[in-house]
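Student: Here is my input; please provide its structure:
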Amino acid sequence: MKSTDELKKEHRAIKIMLNIMTELARRLEAGQGADLKDLNDILEFLMIFADKCHQAKEEELLFPALEKAGIPGEQNQVRARLAEHQAGRALVKDMDEAVSGIARGEDRAGLNFARQARAYAELLAAHIDKEDNVLFPLADKRLSQKARGKLKIGFENIERQIVGPGRHQEFHRLLDRLAGKYLVRDESG
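Tutor: Sure, this is the predicted structure:
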């Protein structure tokens with residue numbers, strides 16, 4: 001198993017959440033409102049699963065390993081991905097503020113959340129595409145077996161120490177619940 005396989009698997013989970021967020025944005029824009037618990041659960045997923053777990057693995061481990069490997073031109077790729085992480089964090093902060101506004105009954109807070117959620121989904125979809133199709137194949141090809149082993153151990157440490165035991169599975173159950181509630185399934189299949 002490649003060291004990037006875990007990151008790609010996490011990307012698939014994040015993409016499901018992006019689809020959920022896009023559907024929620026559509027509903028908010030149509031004036032249908034949203035369940036505050038679901039919005040808070042989405043924010044927790046983004047802050048813990050996407051940021052403190054997934055992006056921490058990239059920022060603290062993968063990106064430094066790529067730079068240490070001296071891959072030509074990789075510093076620009078890494079800097080660009082870091083900038084996208086920062087932009088995503090700013091959008092999550094804005095979504096969090098919008099959810100607080102929804103809880104207070106502010107008129108435009110739902111539309112503000114929808115706008116930020118759409119911007120986040122667009123940013124992350126493009127970001128994930130660049131990592132999956134440019135950065136990760138480069139890492140798979142150029143990182144030594146020893147470097148990949150260190151990444152695997154580091155990823156496990158982040159899961160255990162930062163995210164906590166069992167949290168990854170909890171987030172996958174959350175995804176299943178929200179996908180069942182918000183994403184249309186094709187029953188014809």
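Student: After the top helix by length along the chain, which helix or strand is next?
Tutor: Identified as the longest helix of the chain according to DSSP state H is helix 74-103. Sequence order places helix 109-130 as the next helix or strand after helix 74-103, per DSSP states H and E.
Student: sec struct for the residue nearest the centre of the chain, please.
Tutor: Geometric centre of the chain, nearest residue: Ala50, 3.5 Å, by Cα atoms, centre = their mean. Under DSSP: H, G, I helix; E, B strand; the rest coil, Ala50 falls in the helix class.
Student: same question for the longest helix of the chain, mean pLDDT?
Tutor: Averaged across helix 74-103, pLDDT comes to 91.
Student: Enumerate the positions of it that are buried.
Tutor: 74, 77-78, 81, 84-85, 88-89, 91-92, 94-96, 98-99, 101-102 (16 or more other Cβ atoms under 10 Å). To be clear about C-beta, it is placed using only N, CA and C from the backbone, and glycine gets the same treatment.
Student: Output the contacting helices and strands for that helix.
Tutor: On a contact count with 3 or more Cβ pairs under 8 Å, 6 or more residues apart in numbering; DSSP states H and E, helix 74-103 meets helix 36-44, helix 63-68, helix 109-130.
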